[in-house]
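A.B. asks: Predicted coordinates and the sequence they were generated for:
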Amino acid sequence: MKRWNLKRQQNHPAEVVRETSERQYLETLRSGLNRLPEEERNDLVREIKSHIADAVSAGVPEAEVLQKLGPAKRLARAYTADALISRRTPGGNRLTRWFALIGLAFTASVPSMFIVPFLSAVGIALTIGGIAAIGGSILALFFPSLIPVPPLTPWNAPYLPNLALIVMGLVMGTGGVLALAALRLYILALAALVRKVVP
Amino acid sequence: MDAAGEWNSQLRRGLLELCILALIEKGPIYGYQIISRLAGTPELAAGEGTIYPLLRRLRKEGLAESYWQTSEEGPPRNYYSLTASGRKALSAMRAEWMKMAAAVDRYAGPGRHADHTQDAGNNGTEGADGE
């Protein structure tokens, strides 16, 4: 461990570049693996790091090592795609498999008919509404005559209504983004469920 | 991708898994070693970007297990070995592959054609069947 660190510090400018591009690669990989549990993520990044060190000490230029690994994002996707697609074939005979399919129709398809349209409508409406509220109230600050903002009755401070609108817009936008995120999670969970029954 | 290329990549996926299991069987081995070994076999076209995710999947499926060990030259390495069920899967896959390769070779091997000349030994029974 120590010897390796020393060796790295001796060779200067090239080694510095190497450090940064390696670190960048590993960081991109780590963020691409964000759907995996923390511990597993650490393991995978550590393994690739170890691979790079091994290849470099075997005399392969770092640029070539990284190129052979392929883009960090693609590597991350290869890891996570394998995680979603479990190769386990559904057990049982044809009849139980049919029952599993019918069960899936009731547990997944019927609720999806309501959940998916609801979440997408709410998500899109709130996101657009939030952006419009924020944008409108900021524009109203500069063009008060063009976009009249009604005063907030109990207090008569200037800009307070605009501020209130911006806060409202932020809340709406956050709600919208959360709804869309929930939709994404729901669809991912659904995909995993479907793959379990239909490999 | 043409039909043969598509087919080839499908075929390779399964065979690569068999080869990697066989490499891991021979004892604790780490990722870079597996890749260097396979580099001598371009037919498998097994790049780093394929092998590491595959190793993860083998671990997930309980066919392989791994442990970290410090190394003299660099950061710790992740050594793989087969689990009991990995050993079982490997011998089943190996047997399956041998049978399959022999069967395919009978029809599509060099100089063979899918006609009845190969079945000369069976002619007697065939005659009995088709009366």
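C.D. replies: Ah, there it is. Numbering: from 1, shown residues only, chains lettered A, B, ... in the order given.

A.B. asks: Got phi/psi on B:Asn78?
C.D. replies: phi -100, psi 110 (degrees, to the nearest 10).

A.B. asks: ok, now A:Asn34?
C.D. replies: Here is the backbone geometry of A:Asn34 (degrees, to the nearest 10): phi -70, psi -10.

A.B. asks: Count the neighbours of it for me.
C.D. replies: Each residue near A:Asn34 was counted by other C-beta atoms under 10 Å in any protein chain shown, and the total is 10. All C-beta atoms are positioned from the backbone trio N, CA, C, and that covers glycine.

A.B. asks: Is chain A within reach of the longest helix along chain B?
C.D. replies: Here the longest helix in chain B is taken by residue count, with DSSP state H as the criterion, and it is helix B:84-108. No. Using C-beta under 8 Å from any C-beta of the partner chain, helix B:84-108 stays clear of chain A, coming no nearer than 11.4 Å.

A.B. asks: so where's chain B shaky on pLDDT?
C.D. replies: Along chain B, segments meeting pLDDT under 70 span B:1-3, B:112-131.

A.B. asks: Which parts of it are helices?
C.D. replies: Shown for chain B, the helices assigned by DSSP H span residues B:3-25, B:31-39, B:48-60, B:84-108, B:123-129.

A.B. asks: Setting the sequence-adjacent residues aside, check what's closest to A:Leu163.
C.D. replies: Nearest residue to A:Leu163 in three dimensions, chain neighbours excluded: A:Ser137, at 7.8 Å (C-beta to C-beta, 6 or more residues apart in numbering or on different chains).

A.B. asks: Am I right that that neighbour falls within a helix?
C.D. replies: Yes. Counting by DSSP: H, G, I helix; E, B strand; the rest coil, A:Ser137 falls inside a helix.

A.B. asks: hang on, isn't A:Leu75 packed against B:Gly49?
C.D. replies: Yes. Using C-beta atoms under 8 Å, A:Leu75 is in contact with B:Gly49, at 5.4 Å.

A.B. asks: Now for those two: what residues contact both?
C.D. replies: Residues touching both A:Leu75 and B:Gly49 (C-beta atoms under 8 Å, 6 or more residues apart in numbering or on different chains) are A:Leu69.
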